[in-house]
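Chemist: Take this sequence and fold it.
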Amino acid sequence: MQEIFNIFIKSIFVDNMVFAYFLGMCSYLAVSKTVDTSVGLGAAVIFVLGITVPVDYLLNEYILKPGALVWLDPSFVDADLSFLSFILFIAIIASMVQLVEMIVEKFSPTLYSSLGIFLPLIAVNCAILGGSLFMQEREYQSLAQATSFGLGSGVGWFLAIVGIAAIREKIRYSNVPPALRGLGITFIITGLMGIAFMSFLGIKL
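Modeler: Purely as a prediction, here's the structure:
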């Protein structure tokens, strides 16, 4: 249980998808103009990562990795379908994003309109695919660990986009030099937030 909690906390603060690996920056920069839309997209990312990472874990453990098909028949002990990882992971992600899109359109048309093209673009958000690939690379030992990592990564991305959105709403009333207005000051603030998150590297987990 402690290991699962450690993975969850580490994926939020230490291995933050935005500030540690700079994944998902396109959506992070484009949708973070208001807190409302950022909260909606961040919640969608949490949902997608929380579902796709454990599903991809099961897919990797029982179908893709070398010898995974031995449960079907001992003769498959040498079977290695890991070359299909990318295409199958993306297929799972795309199906989950389609589900999220239908749910948001049904229950919150206003948020659906605000997110626009960036909601279906979660399917090609590198933070989502990165979550599954990191899970595969780190070889988590159980479904619970993979799920904890997926949810933690989603929460970390959520905190990043909501945090930058809140700051961007405030700096509208600040005297920002004309050359830095818009994305310029946003990049600077993102760098400073990344440096701030580096302080969590000292956490002993």
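Chemist: how near is residue 26 to residue 126?
Modeler: As judged by CB to CB, to the nearest Å, residue 26 and residue 126 stand 8 Å apart. Where you see a C-beta, it was placed from the backbone N, CA and C, and this is true even at glycine.
Chemist: try residue 184
Modeler: Taking CB to CB, one finds residue 184 at 23 Å from residue 126.
Chemist: higher neighbour count, those two?
Modeler: Ranked by neighbour count (other CB atoms under 10 Å), residue 184 and residue 126 place residue 126 first, with 16 against 13.
Chemist: after the helix or strand of the chain with the lowest mean pLDDT comes which helix or strand?
Modeler: Least confident helix or strand of the chain, by mean pLDDT, DSSP states H and E, is helix 109-115 with a mean of 80. Sequence-wise, the next helix or strand downstream of helix 109-115 (DSSP states H and E) is helix 126-138.
Chemist: Can you name every helix or strand that whichever helix or strand comes after that following helix contacts?
Modeler: Counting by DSSP H and E, the next helix or strand C-terminal to helix 126-138 is helix 143-171. Applying 3 or more CB pairs under 8 Å, 6 or more residues apart in numbering; DSSP states H and E, one finds that helix 143-171 contacts helix 2-9, helix 25-30, helix 35-59, helix 126-138, helix 183-197.
Chemist: With distance to residue 77 and mean pLDDT as new columns, can these be given to me in JSON lines?
Modeler: As requested, these are exported to JSON lines (distance: least, CB to CB, whole Å; pLDDT from 0 to 100):
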{"stretch": "helix 2-9", "distance to residue 77": "29", "mean pLDDT": "92"}
{"stretch": "helix 25-30", "distance to residue 77": "42", "mean pLDDT": "88"}
{"stretch": "helix 35-59", "distance to residue 77": "19", "mean pLDDT": "91"}
{"stretch": "helix 126-138", "distance to residue 77": "20", "mean pLDDT": "92"}
{"stretch": "helix 183-197", "distance to residue 77": "44", "mean pLDDT": "91"}
